[in-house]
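Trainee: coordinates only, sequence not included:
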């Protein structure tokens, strides 16, 4: 079992729809959870982070965390073609160094 | 201000050659991370520095990989006797202090192709 798992996709949604991206993790000691967006050929850029159970909203993005189920999700409302990218879930596990364990990423395609 | 920079952006090496990849973190950032990203995969942790101290090198795949950060700022990742399986994008990231709650800022990466 991988430490952080994501469905590789592609996930295809029409413009204006809600895109739902999911991630599970295996280390129960994980404390911090990050969503990065990566355009093809570019480096990851931070979208959101979440530390506490529940929802966290930032503009069109909502991150959801359920530590009991070891599950993190990212919702993108009113999806735009410019949201088409690979979304990486990253978990800062039990280590104190802050090193990130990444999932393989989910490719999102938003069709006009 | 300037972000994380990496050089070279692209490197083609013949199998068996040594390569050196450079990372300039954001000024003042204490923590520096190296990750390896294979095509179609998420980044995988290689090593971590806090200032000049290499505190975690558990992700380095073999003793052909060596990293240093002698003055606590610029870091170099060196790969000796490169193999085809070393072909990947090598990402450097920095964060202000380190620790589990901090955001890491990534550089543009060095794309290494070993022929």
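Mentor: Noted; the coordinates are in hand. Only a predicted model underlies this, so the values are computations on that prediction, with no experimental measurement involved.

Trainee: count of neighbours near residue 61?
Mentor: With no chain named, the answer covers chain A. By other CB atoms under 10 Å in any protein chain shown, the residues close to residue A:61 number 17. Any C-beta I mention is one placed from the backbone N, CA and C, and that applies to glycine too.

Trainee: wait, chain B
Mentor: Count around residue B:61 with other CB under 10 Å applied: 13.

Trainee: show the pLDDT at it.
Mentor: Note on residue B:61: pLDDT of 94.

Trainee: in chain B, which spans are strands?
Mentor: Counting by DSSP state E, one finds strands in chain B at the ranges B:5-7, B:10-13, B:19-24, B:31-37, B:44-50, B:53-56, B:65-68, B:75-79, B:88-95, B:105-106, B:110-114.

Trainee: could you dump those to JSON lines with distance to residue A:42, mean neighbour count and mean pLDDT?
Mentor: Shown next, in JSON lines, are the strands of chain B (distance: least, CB to CB, whole Å; neighbours: other CB atoms under 10 Å in any protein chain shown; pLDDT from 0 to 100):
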{"stretch": "strand B:5-7", "distance to residue A:42": "13", "mean neighbour count": "17", "mean pLDDT": "97"}
{"stretch": "strand B:10-13", "distance to residue A:42": "14", "mean neighbour count": "15", "mean pLDDT": "97"}
{"stretch": "strand B:19-24", "distance to residue A:42": "17", "mean neighbour count": "19", "mean pLDDT": "98"}
{"stretch": "strand B:31-37", "distance to residue A:42": "11", "mean neighbour count": "25", "mean pLDDT": "97"}
{"stretch": "strand B:44-50", "distance to residue A:42": "18", "mean neighbour count": "22", "mean pLDDT": "95"}
{"stretch": "strand B:53-56", "distance to residue A:42": "26", "mean neighbour count": "15", "mean pLDDT": "94"}
{"stretch": "strand B:65-68", "distance to residue A:42": "23", "mean neighbour count": "17", "mean pLDDT": "98"}
{"stretch": "strand B:75-79", "distance to residue A:42": "20", "mean neighbour count": "20", "mean pLDDT": "98"}
{"stretch": "strand B:88-95", "distance to residue A:42": "10", "mean neighbour count": "23", "mean pLDDT": "96"}
{"stretch": "strand B:105-106", "distance to residue A:42": "9", "mean neighbour count": "21", "mean pLDDT": "94"}
{"stretch": "strand B:110-114", "distance to residue A:42": "11", "mean neighbour count": "18", "mean pLDDT": "97"}
